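Participant: Here you go, sequence then predicted model.
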Amino acid sequence: MEDFRARKRRGERITALTAYDYPTARLLDESGIDIILVGDSLGMVVLGYPDTTLVSFEEMLHHTRAAARGVKRALLVADLSIGTYDTPEMAVANAGRLVEAGAAAVKLEGGASHVGQIEAIVRAGIPLMAHIGMLPQSVREEGGYKVKGRSAAEAERLVADAQAVEKAGAFSVVLEIVAPEAARQITARLPIPTIGIGSGNDCDGQILVTHDLIGLYPWFTPKFVSPAVHVAEDIRRAARIFTERTRSR
Ligand code: KIV
(Lines give C-alpha, C1' and ligand atoms only; values in the text may rest on other atoms or scores of the structure.)
Protein backbone atom coordinates (compact mmCIF):
# COMPACT_ATOMS: atom_id res chain seq x y z
CA MET A 1 0.00 0.00 0.00
CA GLU A 2 2.98 2.32 0.70
CA ASP A 3 3.88 1.85 -2.97
CA PHE A 4 0.72 3.71 -4.00
CA ARG A 5 1.67 6.74 -1.88
CA ALA A 6 5.20 6.62 -3.31
CA ARG A 7 3.81 6.51 -6.81
CA LYS A 8 1.72 9.57 -6.07
CA ARG A 9 4.82 11.39 -4.79
CA ARG A 10 6.67 10.46 -7.98
CA GLY A 11 3.74 11.66 -10.11
CA GLU A 12 3.16 8.18 -11.60
CA ARG A 13 -0.42 7.63 -12.68
CA ILE A 14 -2.32 4.59 -11.35
CA THR A 15 -4.57 2.51 -13.61
CA ALA A 16 -7.61 0.58 -12.45
CA LEU A 17 -10.32 -1.37 -14.28
CA THR A 18 -13.14 -3.65 -13.18
CA ALA A 19 -13.36 -7.41 -13.70
CA TYR A 20 -15.95 -9.86 -12.49
CA ASP A 21 -14.75 -13.13 -14.02
CA TYR A 22 -11.65 -15.22 -14.59
CA PRO A 23 -10.81 -14.43 -18.25
CA THR A 24 -11.29 -10.67 -17.92
CA ALA A 25 -9.27 -10.51 -14.70
CA ARG A 26 -6.51 -12.59 -16.27
CA LEU A 27 -6.42 -10.45 -19.43
CA LEU A 28 -6.28 -7.21 -17.42
CA ASP A 29 -3.61 -8.66 -15.14
CA GLU A 30 -1.52 -9.72 -18.13
CA SER A 31 -1.97 -6.22 -19.63
CA GLY A 32 -0.25 -4.57 -16.65
CA ILE A 33 -3.23 -2.84 -15.01
CA ASP A 34 -2.30 -1.78 -11.44
CA ILE A 35 -5.63 -2.39 -9.70
CA ILE A 36 -8.45 -4.76 -10.65
CA LEU A 37 -11.75 -4.01 -8.94
CA VAL A 38 -14.55 -6.51 -8.53
CA GLY A 39 -16.99 -3.63 -8.35
CA ASP A 40 -20.64 -3.90 -7.49
CA SER A 41 -21.16 -2.43 -10.98
CA LEU A 42 -21.28 -6.21 -11.50
CA GLY A 43 -24.99 -5.84 -10.86
CA MET A 44 -25.56 -3.58 -13.86
CA VAL A 45 -23.10 -4.71 -16.53
CA VAL A 46 -23.13 -8.47 -15.83
CA LEU A 47 -26.28 -9.36 -13.89
CA GLY A 48 -28.71 -6.99 -15.64
CA TYR A 49 -30.01 -5.17 -12.55
CA PRO A 50 -31.06 -1.51 -12.94
CA ASP A 51 -28.48 -0.31 -10.38
CA THR A 52 -26.02 -1.61 -7.77
CA THR A 53 -28.51 -1.65 -4.91
CA LEU A 54 -29.77 -5.14 -5.78
CA VAL A 55 -26.36 -6.84 -5.70
CA SER A 56 -26.16 -9.50 -3.00
CA PHE A 57 -23.07 -10.23 -0.99
CA GLU A 58 -23.14 -13.86 -2.18
CA GLU A 59 -22.90 -12.52 -5.76
CA MET A 60 -19.90 -10.37 -4.77
CA LEU A 61 -18.18 -13.37 -3.17
CA HIS A 62 -18.88 -15.61 -6.18
CA HIS A 63 -17.43 -13.11 -8.67
CA THR A 64 -14.50 -12.18 -6.42
CA ARG A 65 -13.52 -15.88 -6.31
CA ALA A 66 -13.71 -16.08 -10.11
CA ALA A 67 -11.66 -12.92 -10.70
CA ALA A 68 -9.09 -13.89 -8.06
CA ARG A 69 -8.26 -17.08 -9.98
CA GLY A 70 -7.08 -14.90 -12.88
CA VAL A 71 -4.93 -12.41 -10.95
CA LYS A 72 -1.24 -12.97 -10.24
CA ARG A 73 0.21 -9.48 -10.17
CA ALA A 74 -2.36 -6.66 -9.86
CA LEU A 75 -3.95 -5.56 -6.59
CA LEU A 76 -7.39 -7.19 -6.45
CA VAL A 77 -9.93 -5.00 -4.67
CA ALA A 78 -13.53 -6.11 -4.04
CA ASP A 79 -16.55 -3.97 -3.19
CA LEU A 80 -18.51 -4.32 -0.01
CA SER A 81 -22.02 -4.34 -1.46
CA ILE A 82 -24.94 -2.37 -0.05
CA GLY A 83 -26.01 -3.33 3.48
CA THR A 84 -22.81 -5.23 4.28
CA TYR A 85 -21.01 -2.50 6.24
CA ASP A 86 -23.71 -0.75 8.24
CA THR A 87 -21.68 -1.14 11.45
CA PRO A 88 -17.91 -1.47 12.04
CA GLU A 89 -18.45 -5.09 13.19
CA MET A 90 -20.34 -6.02 10.02
CA ALA A 91 -17.74 -4.20 7.91
CA VAL A 92 -14.84 -6.18 9.42
CA ALA A 93 -16.62 -9.53 9.17
CA ASN A 94 -17.66 -9.02 5.55
CA ALA A 95 -14.33 -7.51 4.49
CA GLY A 96 -12.76 -10.67 5.90
CA ARG A 97 -15.06 -12.82 3.76
CA LEU A 98 -14.00 -10.91 0.63
CA VAL A 99 -10.36 -11.49 1.57
CA GLU A 100 -11.10 -15.22 2.02
CA ALA A 101 -12.62 -15.12 -1.48
CA GLY A 102 -9.31 -13.81 -2.84
CA ALA A 103 -9.41 -10.00 -2.56
CA ALA A 104 -6.27 -8.25 -1.35
CA ALA A 105 -8.21 -5.11 -0.37
CA VAL A 106 -11.80 -3.94 -0.11
CA LYS A 107 -13.71 -0.80 -1.07
CA LEU A 108 -16.73 0.84 0.53
CA GLU A 109 -18.77 3.93 -0.30
CA GLY A 110 -18.79 6.85 2.13
CA GLY A 111 -16.66 9.60 3.64
CA ALA A 112 -16.72 11.07 7.16
CA SER A 113 -19.91 9.10 7.85
CA HIS A 114 -17.96 5.81 7.52
CA VAL A 115 -14.78 6.54 9.46
CA GLY A 116 -15.72 3.93 12.10
CA GLN A 117 -16.04 1.19 9.48
CA ILE A 118 -12.81 2.21 7.70
CA GLU A 119 -10.79 2.33 10.93
CA ALA A 120 -12.12 -1.08 11.99
CA ILE A 121 -11.29 -2.70 8.63
CA VAL A 122 -7.79 -1.21 8.55
CA ARG A 123 -7.23 -2.21 12.20
CA ALA A 124 -8.14 -5.78 11.18
CA GLY A 125 -5.22 -5.64 8.71
CA ILE A 126 -7.32 -5.32 5.54
CA PRO A 127 -6.31 -2.54 3.14
CA LEU A 128 -9.19 -0.22 2.39
CA MET A 129 -9.99 1.84 -0.69
CA ALA A 130 -12.52 4.60 0.01
CA HIS A 131 -15.11 5.93 -2.45
CA ILE A 132 -16.59 9.43 -2.27
CA GLY A 133 -18.45 11.80 -4.57
CA MET A 134 -21.38 10.20 -6.40
CA LEU A 135 -22.18 7.02 -4.49
CA PRO A 136 -24.00 4.52 -6.72
CA GLN A 137 -25.39 2.62 -3.71
CA SER A 138 -27.31 5.83 -2.85
CA VAL A 139 -28.57 6.47 -6.38
CA ARG A 140 -32.20 5.93 -5.42
CA GLU A 141 -32.10 8.53 -2.61
CA GLU A 142 -30.07 10.87 -4.86
CA GLY A 143 -32.49 10.52 -7.78
CA GLY A 144 -29.76 9.88 -10.37
CA TYR A 145 -26.04 10.00 -11.12
CA LYS A 146 -25.31 13.68 -10.48
CA VAL A 147 -22.01 15.59 -10.49
CA LYS A 148 -20.72 16.31 -6.98
CA GLY A 149 -18.62 19.26 -5.79
CA ARG A 150 -19.80 21.94 -8.19
CA SER A 151 -20.46 24.52 -5.46
CA ALA A 152 -17.71 25.75 -3.13
CA ALA A 153 -19.58 24.35 -0.11
CA GLU A 154 -19.98 20.91 -1.67
CA ALA A 155 -16.31 20.91 -2.76
CA GLU A 156 -15.27 21.71 0.83
CA ARG A 157 -17.43 18.86 2.12
CA LEU A 158 -15.72 16.50 -0.31
CA VAL A 159 -12.28 17.71 0.80
CA ALA A 160 -13.35 17.02 4.41
CA ASP A 161 -14.60 13.54 3.42
CA ALA A 162 -11.34 12.78 1.62
CA GLN A 163 -9.27 13.92 4.59
CA ALA A 164 -11.43 11.88 6.96
CA VAL A 165 -11.01 8.63 5.00
CA GLU A 166 -7.26 9.22 4.67
CA LYS A 167 -6.95 9.82 8.42
CA ALA A 168 -8.99 6.65 9.05
CA GLY A 169 -6.39 4.65 7.11
CA ALA A 170 -7.63 4.33 3.50
CA PHE A 171 -4.74 3.71 1.10
CA SER A 172 -6.52 5.44 -1.80
CA VAL A 173 -9.86 7.05 -2.59
CA VAL A 174 -12.11 6.79 -5.62
CA LEU A 175 -13.64 10.11 -6.68
CA GLU A 176 -16.77 9.37 -8.70
CA ILE A 177 -18.29 12.07 -10.92
CA VAL A 178 -16.68 14.88 -8.93
CA ALA A 179 -16.38 18.31 -10.58
CA PRO A 180 -12.83 18.44 -12.02
CA GLU A 181 -11.81 21.53 -10.00
CA ALA A 182 -12.93 19.87 -6.73
CA ALA A 183 -11.12 16.66 -7.73
CA ARG A 184 -7.97 18.71 -8.42
CA GLN A 185 -8.17 20.34 -4.97
CA ILE A 186 -8.72 17.01 -3.19
CA THR A 187 -5.84 15.43 -5.10
CA ALA A 188 -3.50 18.31 -4.19
CA ARG A 189 -4.41 18.11 -0.48
CA LEU A 190 -4.18 14.34 0.09
CA PRO A 191 -1.05 12.19 0.60
CA ILE A 192 -2.88 9.11 -0.71
CA PRO A 193 -3.77 8.70 -4.40
CA THR A 194 -7.13 9.75 -5.77
CA ILE A 195 -8.54 7.46 -8.43
CA GLY A 196 -11.00 9.33 -10.61
CA ILE A 197 -13.98 8.18 -12.59
CA GLY A 198 -15.63 10.97 -14.55
CA SER A 199 -13.74 13.47 -12.37
CA GLY A 200 -11.34 15.11 -14.82
CA ASN A 201 -7.67 14.64 -15.58
CA ASP A 202 -6.05 15.82 -12.37
CA CYS A 203 -6.59 12.71 -10.23
CA ASP A 204 -3.60 10.49 -9.42
CA GLY A 205 -5.15 7.61 -11.32
CA GLN A 206 -8.21 6.63 -13.31
CA ILE A 207 -10.70 3.81 -13.02
CA LEU A 208 -13.37 2.70 -15.48
CA VAL A 209 -15.91 -0.06 -15.69
CA THR A 210 -14.27 -2.36 -18.26
CA HIS A 211 -17.55 -2.97 -20.06
CA ASP A 212 -17.75 0.80 -20.76
CA LEU A 213 -14.13 0.98 -21.94
CA ILE A 214 -14.45 -1.96 -24.32
CA GLY A 215 -17.99 -1.24 -25.53
CA LEU A 216 -19.47 -4.40 -24.06
CA TYR A 217 -22.53 -2.66 -22.60
CA PRO A 218 -23.66 -0.70 -25.67
CA TRP A 219 -27.12 0.20 -24.35
CA PHE A 220 -25.66 2.87 -22.07
CA THR A 221 -22.26 4.56 -22.06
CA PRO A 222 -21.50 7.25 -19.45
CA LYS A 223 -20.78 10.67 -21.00
CA PHE A 224 -17.20 10.69 -19.71
CA VAL A 225 -16.21 7.37 -21.40
CA SER A 226 -14.74 7.05 -24.90
CA PRO A 227 -14.83 3.31 -25.62
CA ALA A 228 -11.40 2.16 -26.84
CA VAL A 229 -12.91 -0.77 -28.77
CA HIS A 230 -16.42 -2.05 -29.52
CA VAL A 231 -16.61 -5.64 -28.33
CA ALA A 232 -20.43 -5.75 -28.51
CA GLU A 233 -20.16 -5.24 -32.27
CA ASP A 234 -17.61 -8.08 -32.53
CA ILE A 235 -19.93 -10.41 -30.59
CA ARG A 236 -22.89 -9.54 -32.82
CA ARG A 237 -20.73 -10.05 -35.93
CA ALA A 238 -19.43 -13.41 -34.63
CA ALA A 239 -22.99 -14.58 -33.87
CA ARG A 240 -24.11 -13.56 -37.40
CA ILE A 241 -21.13 -15.38 -38.97
CA PHE A 242 -21.92 -18.51 -36.92
CA THR A 243 -25.60 -18.31 -37.88
CA GLU A 244 -24.76 -17.97 -41.59
CA ARG A 245 -22.24 -20.83 -41.45
CA THR A 246 -24.71 -23.08 -39.62
CA ARG A 247 -27.64 -22.32 -41.90
CA SER A 248 -25.56 -22.80 -45.04
CA ARG A 249 -24.21 -26.09 -43.59
O1 KIV B 1 -18.57 -0.75 -8.80
C2 KIV B 1 -17.71 -0.18 -9.47
O3 KIV B 1 -17.38 -0.59 -10.59
C4 KIV B 1 -17.08 1.01 -8.91
C5 KIV B 1 -16.24 1.83 -9.82
C6 KIV B 1 -17.06 2.47 -10.84
C7 KIV B 1 -15.39 2.79 -9.09
O8 KIV B 1 -17.26 1.30 -7.78
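Facilitator: Cool, got the structure. Model, not experiment: these values are computed from the prediction.

Participant: Relative to residue 43, how far out is residue 70?
Facilitator: According to Cβ to Cβ, to the nearest Å, residue 70 and residue 43 sit 20 Å apart. Glycine gets a C-beta too; all of them are placed from N, C-alpha and C.

Participant: Ok, residue 33 next?
Facilitator: Taking Cβ to Cβ, one finds residue 33 at 22 Å from residue 43.

Participant: What of residue 60?
Facilitator: 9 Å.

Participant: next one: residue 135
Facilitator: Applying Cβ to Cβ to residue 135 and residue 43 gives a distance of 14 Å.

Participant: ok, back up a step: looking at residue 70 and residue 43 now, which is surrounded by more residues?
Facilitator: residue 43 (24 against 21; other Cβ atoms under 10 Å).

Participant: nearest residue to the residue in the chain positioned nearest to the ligand other than its sequence neighbours?
Facilitator: Nearest residue of the chain to the ligand (Cβ to the nearest ligand atom) works out as residue 39 at 2.3 Å. Closest residue to residue 39 apart from its sequence neighbours, by Cβ to Cβ, 6 or more residues apart in numbering: residue 18 at 4.5 Å.

Participant: Check residue 180 too.
Facilitator: Nearest non-adjacent residue to residue 180 (Cβ to Cβ, 6+ apart): residue 200, at 2.7 Å.

Participant: part of a strand, is that neighbour?
Facilitator: No - assessed with DSSP: H, G, I helix; E, B strand; the rest coil, residue 200 is coil; it does not lie in a strand.

Participant: That one: how many residues sit nearby?
Facilitator: If you count neighbours by other Cβ under 10 Å, residue 200 ends up with 17.

Participant: One more: the one 4 residues further on?
Facilitator: By the criterion of other Cβ under 10 Å, residue 204 has 23 neighbours.

Participant: Let me see the confidence value for it.
Facilitator: pLDDT recorded at residue 204 is 98.

Participant: what about the residue of the chain closest to the ligand, how many neighbours?
Facilitator: By other Cβ under 10 Å, neighbour count at residue 39 equals 30.

Participant: roughly how far apart are the residue nearest to residue 39 and residue 174?
Facilitator: Residue 18 is 11 Å from residue 174, by Cβ to Cβ.
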